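A predicted structure for the sequence below; I have some questions about it.
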Amino acid sequence: MSEDFFQGYRGSALEVLKKFNVRVWGQAVITTTRGNFNGTVLPRAVNDDDKHIVIKIVTGYNVGIDTDTILDMTETGYKKANYKIPEKEFPFTKNLPKVKLLGTGGTIASRLDYRTGAVIPAFSPGELYGAVPELAEICNLSTEKLFAVFSENMGPEQYKKLAIAIGKEIENGIDGIVIGHGTDTLHHTAAALTFMVQDSPVPIVLVGSQRSSDRPSSDAALNLMHATTAAGHGDIAEVLVCMFGPTSDEYGFLHRGTRVRKMHSSYRSTFRTIGDTPVATVTRKGVVPIKPVYNHRRKDNKVKILPYFEEKVAMIYYYPNMQPDMVDSLVDNGYKGIVIIGTGLGHVNKLLYPALKRACEKGVAVYMTVQTLWGYVHMFVYDTGRDLMAMGVVPAANMLPEVAYIKLGWALGQTNDLEKVKELMLKPVNDEITPREPYNGYLIYQGGVREVEEFVQKVRK
């Protein structure tokens, strides 16, 4: 057979396929020393080893089979797969809300690249209807692909373009906006849009997925249904993050854009509201508020668009024995703002004092947050904090570090006057600083403890 039938295979894996006359994309029954397998032979990623044959089994998962265990292979069929989801024209339904989906890339709009084995941005937002036809029952969806990048490549340029695009959609009378986004930095973008798009009359909902669309456990479809429901039918006119609530498919959470953080690398329920409760839950039936106070939907099309950002802003995660040249290098390279992620109530070692004093004297805006994530900066308790404040370091209350970084970039994008920057930083836009944390805003239970295990068993899905 032609080498075209063995995409990416080499070495012993290629020899086994040729020996049994089985092609890539062939449906095969494989007899091994560990049992029988039935599935479709997939192309091999070029960066992987040459000792495994990969098949997609009936459940939709991929399995790698060690060639040393293979006793026999029989090809029972052949059909080359097409992993491009066809784009379909979205139907218009009278009386359903108009929702605009702005695509940026990420796993919510992706497929598996069998050449490298990586998940890559692959289909435009317009193809989402082909993947999730239930969306037509929720809203009249229009789409626009603004970017096609992984979330680690999102930054100030994209934040500003998104804010401007959102403003135009609101002025044109859209009923709600959904933003498809990779999950890794989704909370950074949510914070940026909270500051750049203020007093919105409609919901602005960021959504992603932890698992790509080709996986049976993908959360992409349900997250999209929840997000479009919140955007089109919900009453909460804020910048929100919509992702899984529990690990099951029961409901999604709507998190406020300034209090949310990705807290697990792979769980579908990775996003948590920190120091507060989520704003609401959402299902395909609608939105149920948790917080009694939120910005309500309005019928006008007025919005404040403030697309500003100074890129010379940095975050420093303090660690014991940190040297002053870490701070000096930022000052010498023209950075205008520094967010310190300090220990405890907002502390760093005395080695950094001269460098921080120099930074403040040179007009660098320096703000303190805490590594604990939950809780407030209290720099007046110990002499360390008092010394830092005397130099000019400003405590940032209970702002999350990433939110403080985003807000400082936004504030410095508008003014270099440090007093005006401080005024912008410490005046809450939407709960990035709260007067207190509710009693149930900090819930972390330790597994293995009898009473916790009993509770988990009662509520485990």
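All right, it came through fine.

could you find the closest non-adjacent residue to Leu71?
Distances taken as C-beta to C-beta, 6 or more residues apart in numbering place Thr31 nearest to Leu71, at 4.7 Å, with adjacent residues excluded. C-beta here means a position set from N, CA and C on the backbone, and glycine is covered the same way.

any idea how far the one you found is from Asp68?
Distance, Thr31 to Asp68, by C-beta to C-beta, to the nearest Å: 14 Å.

between those two, which is the more surrounded one?
Relative neighbour count places Thr31 above the other of Thr31 and Asp68, with 14 against 11, counting by other C-beta atoms under 10 Å.

now the helix or strand hosting that one: buried residues?
Using DSSP states H and E, Thr31 sits in strand 26-32. Buried residues in strand 26-32, counted by 16 or more other C-beta atoms under 10 Å: Gly26, Gln27, Ala28, Ile30, Thr32.

same check, this time on stretch 297-311
In stretch 297-311, counting by 16+ other C-beta under 10 Å, buried: Arg297, Val303, Ile305, Leu306, Pro307, Tyr308, Phe309, Glu310.

try stretch 438-458
Across stretch 438-458, burial judged by 16+ other C-beta under 10 Å covers Gly441.

contacts for it?
Contact with stretch 438-458 is made by Thr273, Ile274, Gly275, Asp276, Thr277, Trp374, Gly375, as judged by C-beta atoms under 8 Å, 6 or more residues apart in numbering.

my guess is the fourth one contacts Thr434. True?
Yes: if you go by C-beta atoms under 8 Å, Asp276 and Thr434 touch, sitting 6.4 Å apart.

returning to what we had before: a markdown table for the buried residues of strand 26-32, including distance to Met315 and pLDDT?
Formatted as a markdown table, these follow (distance: C-beta to C-beta, whole Å; pLDDT from 0 to 100):
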| residue | distance to Met315 | pLDDT |
| --- | --- | --- |
| Gly26 | 51 | 90 |
| Gln27 | 51 | 92 |
| Ala28 | 51 | 93 |
| Ile30 | 50 | 95 |
| Thr32 | 50 | 95 |
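
tell me the contacts of Pro201?
Pro201 neighbours (C-beta under 8 Å, 6+ apart): Ile170, Ala237, Arg297, Arg298, Lys299, Asp300, Asn301, Lys302, Val303.

what is the nearest of the residues you listed to Gly346?
The closest of the contacts of Pro201 to Gly346 turns out to be Ala237 (C-beta to C-beta; 33.7 Å).

output the longest strand belonging to the protein.
strand 70-78 (DSSP state E).

so which other helices or strands are in contact with that one?
helix 11-19, strand 26-32 (3 or more C-beta pairs under 8 Å, 6 or more residues apart in numbering; DSSP states H and E).

which parts of it are buried?
By neighbour count on 16+ other C-beta under 10 Å, the buried set for strand 70-78 is Ile70, Met73.

that strand pairs with which strands, and in what direction?
Looking at strand 70-78 with DSSP bridges, its partner strands are strand 26-32 (antiparallel).

show residues contacting the partner strand.
Residues from elsewhere that reach strand 26-32 (C-beta under 8 Å, 6+ apart): 22, 36-41, 53, 55, 65-66, 69-79.

please apply the same query to stretch 91-102.
By C-beta under 8 Å, 6+ apart, the list of residues contacting stretch 91-102 reads 125, 128, 136, 138-144, 146, 162, 165-166, 169, 173-180, 228, 231-233.

what's the pLDDT at the residue lying closest to Ala231 once chain neighbours are set aside?
The shortest distance from Ala231 to any non-neighbouring residue, by C-beta to C-beta, 6+ apart, is to Gly176 (3.0 Å). Per-residue confidence (pLDDT) for Gly176: 98.

remind me which residues of this protein are low pLDDT?
By pLDDT under 70, the low-scoring segments of the chain are 1-8, 45-48, 81-88, 106-130, 212-217, 460-461.

break it into its domains for me.
Per automatic domain parsing, the domain ranges recorded for the chain read 3-78, 98-305, 313-426.
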